[in-house]
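here's my sequence, what's the structure:
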Amino acid sequence: MSFTASPLANIVADDPRADGGQRRITLCADTIGIDRSLSGIRMRLALPVRCYRGVTLSVIEGAQGPFYRVALDHADPDLRVTLAESLNPEALVPEWRGWAKFFRLPRLAQGADTSWVALDGRLGELVLGAAQPRKRGWPLKFRRSRMSASRKSAKSRPHVVHRDEREIICYE
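Model (predicted):
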């Protein structure tokens, strides 16, 4: 796997579908590498960081009670990368902010209805804001186009009728 920068961290994570139950994750500034083998076939994925939605802080209900997890969130659960876990949420907040700043991804938190809420108001280099309502009905839609507006319409020009006159045509 070729990376543009030296790896920041190597993580060995649990993967129930992989052979041996583990996968190796390599974190770089612009690329996330995932190595694992499935049914004897080695897989090596190199994903750009922009494929991830953000750095999430979520509450997980465990056997001993709730614990907190900071992870790189991806639409595919197999590509989600856990960065840190703790029983104390205050201990994870600096890591959560640090990883989000390092990867230039928004900080996401899990809402009460299990939806993700962006806390930074940023998505990479984009600044997020309130969605603007769609414009329904254009007030000038019955206006003539620019080309036809430059010409006079037939209704505005009176027809000239010449009676009892002869047309003179000269071909010289």
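
now stretch 82-97: mean pLDDT?
For stretch 82-97, mean pLDDT is 87.

can you tell me what sits against that stretch?
For stretch 82-97, the surrounding residues in contact (Cβ atoms under 8 Å, 6 or more residues apart in numbering) are 11, 13, 55, 57, 65, 67-72, 99, 107. No exception for glycine: its C-beta is placed from N, CA and C like everyone else's.

if we go to 10 Å?
Outside stretch 82-97, the residues within contact range by Cβ atoms under 10 Å, 6 or more residues apart in numbering are 9, 11, 13-14, 25, 27, 55-57, 59-60, 62, 64-72, 98-99, 103, 107-109, 119-120.

list the buried residues in that stretch.
Across stretch 82-97, burial judged by 16 or more other Cβ atoms under 10 Å covers 83, 92, 96, 97.

where does the second one land in three-state SS?
The three-state label given to residue 92 by DSSP: H, G, I helix; E, B strand; the rest coil is helix.

what about it, distance to residue 71?
Computed as Cβ to Cβ, to the nearest Å, the residue 92 to residue 71 distance reads 11 Å.

likewise the first one?
From residue 83 across to residue 71, the span is 6 Å (Cβ to Cβ).

what's the neighbour count on residue 101?
Residues near residue 101, counting by other Cβ atoms under 10 Å, number 12.

which of the three states applies to it?
Strictly by three-state DSSP, residue 101 counts as helix.

all further residue positions should be reported with the first residue as 32.
New numbering, starting at 32: the last item is residue 132.

was I right to think it contacts residue 138?
Yes - contact criterion Cβ atoms under 10 Å: residue 132 and residue 138 qualify, at 9.1 Å.

mind listing the residues bridging to residue 76?
residue 65 (DSSP bridges).

can you give me the neighbour number for it?
15.
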